[in-house]
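K.L.:
got a predicted structure plus its sequence, pasted below:
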Amino acid sequence: MCVAGLGISGVAAAETLLRLGARVSVVDGSDAAELATRAAALAALGATVRLGPAATAAPPAGATLVVTSPGWRPQAPLLRSAAAAGIPVWGEVELAWRLRPAAAAGHAAPWLALTGTNGKTTTVRMLTAILTAAGRRAVAVGNVGTPLLAAVLADPPYDVLAVELSSFQLHWSASLRPFAAAVLNLADDHLDWHGSVAAYQEAKAKIWAGSQTVAIGNADDPPTAQALTAAPGRQVSFTLAEPGPGQLGVVAGRLVDRAFGPDAAAADQTGVDQTGVDLAAAADVRPAGPPNIANALAAAALARAYGVLADAVRAGLRGFTPDPHRNALVAVVDQVSYVDDSKATNPHAAAASLAAYPSVVWVAGGLGKGLSFDELVLAARERLRAAVLMGSCRAEIRDALTRHAPAIPVVEVARTDTGAMGDVVRQAARLAQPGDTVLLAPAAASMDMFANYAARGDAFAAAVNTVSGSAR
């Protein structure tokens, strides 16, 4: 067997296959020094490891399976060569799914899976909190948290897995059939990897491929709602409006289930659910704001599909602690709130973030992904007090603001070193008025200036704390 890539998922796949007695070759197109330690460790376990561009031209002789890391594009020479030779190509997720019968004590934990352009990690963490509150041994896995292969084969076994899946992972998952699966939203992203919007959305919809899978989708997101109609299993949706039969939604500030409640069977026959089940207050959801209420409804729907009671949904949401850099309040200085949403790395995520605040000094920019900012500015312009732009795509955002919000003051910070964030925050503080929110919602990736979105958020918080100290 051939494992393509020496990243986290590649190492996990190779180690698992070696423990199961397979003959494993590991290849990676890089021969960087930092890979040497991983390569040596796998070689000590019995793997054959080849590094450098020549190693990834084609699968090793005799390979009967390729397990690819999610970052490898389908156009990669090794993967194209494998397909031409009729060699199956799986991702780590597909491998984990196939290995479930080998789980400890013969217990194959059901998967509650979710995907979407934005909100995946927050939702899978909410789901894990709900499952834990229900007394289940659960863990967040997949694109976040514990490696999926380790969770599938854990001893003692987990009761249930909360599985976050990216479009890359789903592309390479042919036989995946979760117990229940949710799509949070669909917006243009990763088109350079998938090649088209249609291919990206097709990969996402693979999460619903099983007729036995409870298919859950966002009724308020038109692409998701349309895709849900083609799901072969039971279809359930969630909405921020009052729910109809077969939906979860919001009534008078409460999250309500009209899909999995005690009268759900009657509703399936009559089309009318007279009761609904009260799950939680919208005020129980953190971070606050409509996007995260939608995420909470998705998490609740997955848990309810699995049989979790309403009290556990409520307790899980109340006890949930958001991950850093997701609408995190950093400080309030002179009646101005400073919020770090560095995880908003595309326009769709930034739009959701901006919608949560009435008056915003927007801190944006970074490494663009070839995506348009026009719809984002159109949706947010009534909320914008001003904008402070940084990073390599700042001119693209400025041009969108000029076209659609020409009255909004715009300041560009041209520095490209990490210290630029101090200038950015000082400019934002100068533009902000009492009651405003200075919001870091970049709508772009971070790698032009920072190691990752977390480093960008940390730099923002440090700069805010400096401004805060100066103000005091």
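P.N.:
Structure's in. What do you need?

K.L.:
switch to C-alpha atoms for all contacts and neighbour counts from now on
P.N.:
Will do.

K.L.:
any idea how far Ala41 lies from Lys204?
P.N.:
Ala41 sits 34 Å away from Lys204, taking CA to CA, to the nearest Å as the criterion.

K.L.:
the more surrounded of the two?
P.N.:
Between Ala41 and Lys204, Lys204 has the larger neighbour count (other CA atoms under 10 Å), namely 27 against 14.

K.L.:
residue contacts, that one?
P.N.:
115-116, 166-167, 170-171, 183 (CA atoms under 8 Å, 6 or more residues apart in numbering).

K.L.:
which two from the residues you listed end up farthest apart in space?
P.N.:
Across those, the longest distance by CA to CA is 14.8 Å; it joins His171 and Val183.

K.L.:
look at those two and report which has more neighbours.
P.N.:
Val183 (27 against 23).

K.L.:
hang on, that one packs against Leu112?
P.N.:
No - with contact defined as CA atoms under 8 Å, Val183 and Leu112 do not form a contacting pair (11.5 Å).

K.L.:
contact partners of stretch 56-76?
P.N.:
Contacts for stretch 56-76 (CA under 8 Å, 6+ apart): 1-5, 7, 9-10, 13, 25, 27-29, 77-82, 87-92, 95, 168-169, 172, 193-194.

K.L.:
just checking, which of those belong to helices?
P.N.:
Cross-referencing these against helices under DSSP state H gives 9-10, 13, 77-82, 92, 95, 168-169, 193-194.

K.L.:
for Asp311, which three-state class applies?
P.N.:
Under DSSP: H, G, I helix; E, B strand; the rest coil, Asp311 falls in the helix class.

K.L.:
test my guess that Pro442 contacts Gly368.
P.N.:
No - the pair Pro442 / Gly368 is not scored as a contact, 9.7 Å apart, by CA under 8 Å.

K.L.:
out of the two, which sits in the busier spot?
P.N.:
The neighbour comparison of Pro442 against Gly368 (other CA under 10 Å) goes to Pro442, with 30 against 24.

K.L.:
so who does that one touch?
P.N.:
Pro442 neighbours (CA under 8 Å, 6+ apart): 341-342, 344-346, 350, 363-366.

K.L.:
would Pro324 count as being in a strand?
P.N.:
No - with three-state DSSP as the criterion, Pro324 is located in coil rather than a strand.

K.L.:
report how many residues lie close to it.
P.N.:
By other CA under 10 Å, 15 other residues sit near Pro324.

K.L.:
leaving out the residues flanking it, which one is nearest to it?
P.N.:
Spatial nearest neighbour of Pro324, chain neighbours left out: Ala454 (7.8 Å); criterion: CA to CA, 6 or more residues apart in numbering.

K.L.:
which element is the one you found on?
P.N.:
Using DSSP states H and E, the element containing Ala454 is helix 453-471.

K.L.:
which residues does that helix contact?
P.N.:
324-325, 330-331, 333-334, 338, 340-343, 345, 418, 421-422, 425-426, 429, 440, 445-447, 450.

K.L.:
can you say which of those are buried?
P.N.:
Taking 16 or more other CA atoms under 10 Å as the criterion, what is buried in the contacts of helix 453-471 is 325, 330-331, 333, 338, 340-343, 345, 421-422, 425, 429, 440, 445-447, 450.

K.L.:
about what we covered before: of the ones in helices among the contacts of stretch 56-76, which is the most crowded?
P.N.:
Highest neighbour count within those, by other CA under 10 Å: Ala13, with 30 neighbours.

K.L.:
skipping adjacent residues, who's closest to it in space?
P.N.:
In space, Ala13 is closest to Glu92, 6.3 Å off (CA to CA, 6+ apart).

K.L.:
how about Ala315?
P.N.:
Ala133 (6.2 Å).

K.L.:
I appreciate the help and will end here.
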